[in-house]
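Asks: generate coordinates for the sequence data below:
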Amino acid sequence: MLKNLPLSKILLSLAAISVVAVAAVGGTFANFTATPTTIASNAFASGSLTMSRSGSGAIFSSAAMKIGDTATGSVTITNTGTLAGAYTLTGSGSGSAALAAQLHLTLYKDVDGGTAIYDGSLGSFSASLGTFAASGGAHTFYFHVSLPTTGSDAGDNVLQGLSATEDFTWSATQA
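Replies: Numbering: from 1, shown residues only. Below you'll find the predicted structure:
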């Protein structure tokens, strides 16, 4: 059938088909644009986790304990930060390990003589204190340290003249 058509018509037909094909392919690519939108004043600030304590100095002191004596004291810890915190209390002792192991610590939270949150040796002390609310969450801790008998005069006599010191550290992590 192409044999009867003149060459110019065939070339014109091919040219027309090429123009249509290029227009169809070229027309499928579009570039859309939009005017940018700005949203301003997106602000961020970090919170804080800080604490304060009531009073100053040692919680308790006993310079000449004897078997059966008890030393007591209390301290209030307040979360002064803007974030709630999970608090812990640890002890770090120095001096006579034998005396620290014999000293008995009972620690109460908020109610003196209530349910003890720690009841054991001063020498191995560590306690979880729970979560303190942000901006003013406070708890009072009551300490009772006693020197019980070892069970024998010879064991008790070994403790004479010894001294021990305990540092208490409150720590908090974001709750």
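Asks: and for residue 159, the neighbour number?
Replies: 20 (other Cβ atoms under 10 Å). Using the backbone N, CA and C atoms, a C-beta is placed for each residue, glycine as well.
Asks: now do the one 3 residues further on
Replies: By the measure other Cβ under 10 Å, the count of residues near residue 162 is 13.
Asks: which secondary element of the chain has the worst mean pLDDT?
Replies: helix 7-26 (a mean of 57; mean pLDDT, DSSP states H and E).
Asks: show me which positions of the next helix or strand after it end up buried.
Replies: Following helix 7-26 in sequence order, the next helix or strand is strand 51-53 (DSSP states H and E). Across strand 51-53, burial judged by 16 or more other Cβ atoms under 10 Å covers residue 51.
Asks: so what secondary structure elements neighbour strand 51-53?
Replies: With contacts taken as 3 or more Cβ pairs under 8 Å, 6 or more residues apart in numbering; DSSP states H and E, strand 51-53 sits against strand 70-79, strand 164-174.
Asks: who touches the last one?
Replies: With Cβ atoms under 8 Å, 6 or more residues apart in numbering as the contact definition, strand 164-174 has outside contacts at 47, 49, 51, 53, 59, 77, 79, 83-97, 99-100, 103, 122-123, 125, 129, 132.
Asks: buried members of the residues you listed into ChimeraX, please.
Replies: Restricted to buried positions by 16+ other Cβ under 10 Å, the ChimeraX selection for these reads:
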select :49,51,59,77,79,83,84,85,87,89,91,93,96,99,100,103,122,123,125,129,132
